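**Student:** Predicted model follows, preceded by the sequence.
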Amino acid sequence: MKKRVFISNLIPAAAYQKLSKRFQVTWNKHQLTEKQWESRIGPYHAVLTTLADPITAKVLNAAPHLKCVANFAVGFNNIDLVTAKANGVCVTNTPDVLTEATADLAWALILSCARRLPEGEKFLRTTGFKGWGPLFLLGQDLAGKTLGIYGFGRIGKAVAQRGRGWNMPVLYHQRHRESPSVEKRYNSRYVSFETLLRQSDILSVNSPLTTETRHRFTSKEFKQMKPNAIFINASRGPIHREADLVKALKAKTITSAGLDVYEFEPKINKCLLKLPNCTLLPHLGSATLETRTKMALLAAENIELVLSGRHPKTSVLR
Ligand code: DGY
């Protein structure tokens, strides 16, 4: 009897094509709620999930045959790792393949905020272009500004590397310091969290969501940042407190924010939607056809490996 695999969402067909050669695959193509997961997961040996799938203790405990949860994302905060471990379920993610696309998107947000692209575009579409103006929609230069990175993993480093094009000195903060050769490669310096807040002109959040990073950026932190600072989050929404960010943007405590993620995603604070000094995107970090195809294939490969009793390529937990 073929082992059973469940694909939870509308992802690139490459995963289905690969997996259906060896397994009995159900491709759901729609988002499931926790309750729906609980009632459907029972027969499956592996599930290919997205970051919006709540793979909670209840869901995992309703899956007696489950051997693998392959998340189609680098983040895995949607999965209860403690229960997965207790149940002997291997959890995998899709790192590396999405690093460049996500760093590109973080930079799209940086450029958009620095040059006030949403305001310019909205003006042109609504009011109409009335001609060039010497003081019209002035933004700020990026060349030589200080780029701060919170979370200097693969994506944080790729964001830093792009900063070289603008001759930006990089400050970074995370739990551990990198080796001197890594620091040199990225023109970067390890600093305390407080220094990161005080000295960054652009502060890009690139850390995973953990109990330690949840609400790391609140009113207290925004107040320590420079008034010209641009805050970027293309990682996970709950790392900043959205209501506090709204206050900081309204009061011009910081200049602007570029967000790809939201605290209560997909819900967005209504006030945020009305503010001109932010660029808001609908979680597009890894959204290129090439990257999403690689993510689908990697997730599928991890399932194949686990179900054939081998080590997955990119495990979070095994
Ligand atoms: C991830 O992989 O965690 C991204 O947020 C998905 O785009």
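**Tutor:** That came through, no problem.
**Student:** mind giving me the domain ranges of this protein?
**Tutor:** Per automatic domain parsing, the domain ranges recorded for the chain read 4-95+289-307, 99-280.
**Student:** Quick check: which of those is buried the most?
**Tutor:** domain 4-95+289-307 (a mean of 19; mean count of other C-beta atoms under 10 Å). All C-beta atoms are positioned from the backbone trio N, CA, C, and that covers glycine.
**Student:** Return the distance of that one from the chain's centre.
**Tutor:** With C-alpha atoms, centre = their mean, to the nearest Å as the basis, domain 4-95+289-307 stands 18 Å off its chain's centre.
**Student:** quick revisit: to the ligand, which of the domains of the chain lies closest?
**Tutor:** Closest to the ligand of those is domain 4-95+289-307 (C-beta to the nearest ligand atom; 3.2 Å).
**Student:** average pLDDT for the closest one?
**Tutor:** For domain 4-95+289-307, the mean per-residue pLDDT is 97.
**Student:** How about it and the ligand, touching?
**Tutor:** Yes. Interface with the ligand: domain 4-95+289-307 contributes 51, 73-75 (C-beta under 6 Å from any ligand atom).
**Student:** Go through these and name the one nearest E121.
**Tutor:** Nearest to E121 out of these is L51 (C-beta to C-beta; 28.4 Å).
**Student:** Who are the contact partners of the closest one?
**Tutor:** Each residue near L51 by C-beta atoms under 8 Å, 6 or more residues apart in numbering is listed here: 71-73, 75, 77-78.
**Student:** at 7 Å what do you get?
**Tutor:** Under the criterion of C-beta atoms under 7 Å, 6 or more residues apart in numbering, the neighbours of L51 are 71, 73, 75, 78.
**Student:** Can you give me the pLDDT of M1?
**Tutor:** M1 carries a pLDDT value of 88.
**Student:** Renumber starting at 15 from here on
**Tutor:** Done: numbering now begins at 15, and the last item shifts to M15.
**Student:** neighbours around it, how many?
**Tutor:** Using other C-beta atoms under 10 Å, M15 is surrounded by 4 other residues.
**Student:** Where does the residue lying closest to L123 once chain neighbours are set aside fall, secondary structure wise?
**Tutor:** Spatially, and ignoring its direct neighbours in sequence, L123 is nearest to G272 (2.9 Å; C-beta to C-beta, 6 or more residues apart in numbering). Taking DSSP states H and E as the definition, G272 sits inside strand 270-273.
**Student:** Just the residues contacting that strand, thanks.
**Tutor:** Applying C-beta under 7 Å, 6+ apart, the contact partners of strand 270-273 are 123-124, 126-127, 244-247, 259, 263, 291-295.
**Student:** Could you tell me which of the residues you listed belong to strands?
**Tutor:** In strands, defined here by DSSP state E, the members of the contacts of strand 270-273 are 244-247, 292-294.
**Student:** any chance of those residues in JSON lines, with distance to the ligand and pLDDT too?
**Tutor:** What follows is those, written out as JSON lines (distance: C-beta to the nearest ligand atom, whole Å; pLDDT from 0 to 100):
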{"residue": "I244", "distance to the ligand": "20", "pLDDT": "98"}
{"residue": "F245", "distance to the ligand": "18", "pLDDT": "98"}
{"residue": "I246", "distance to the ligand": "14", "pLDDT": "98"}
{"residue": "N247", "distance to the ligand": "11", "pLDDT": "98"}
{"residue": "C292", "distance to the ligand": "19", "pLDDT": "97"}
{"residue": "T293", "distance to the ligand": "17", "pLDDT": "98"}
{"residue": "L294", "distance to the ligand": "15", "pLDDT": "98"}
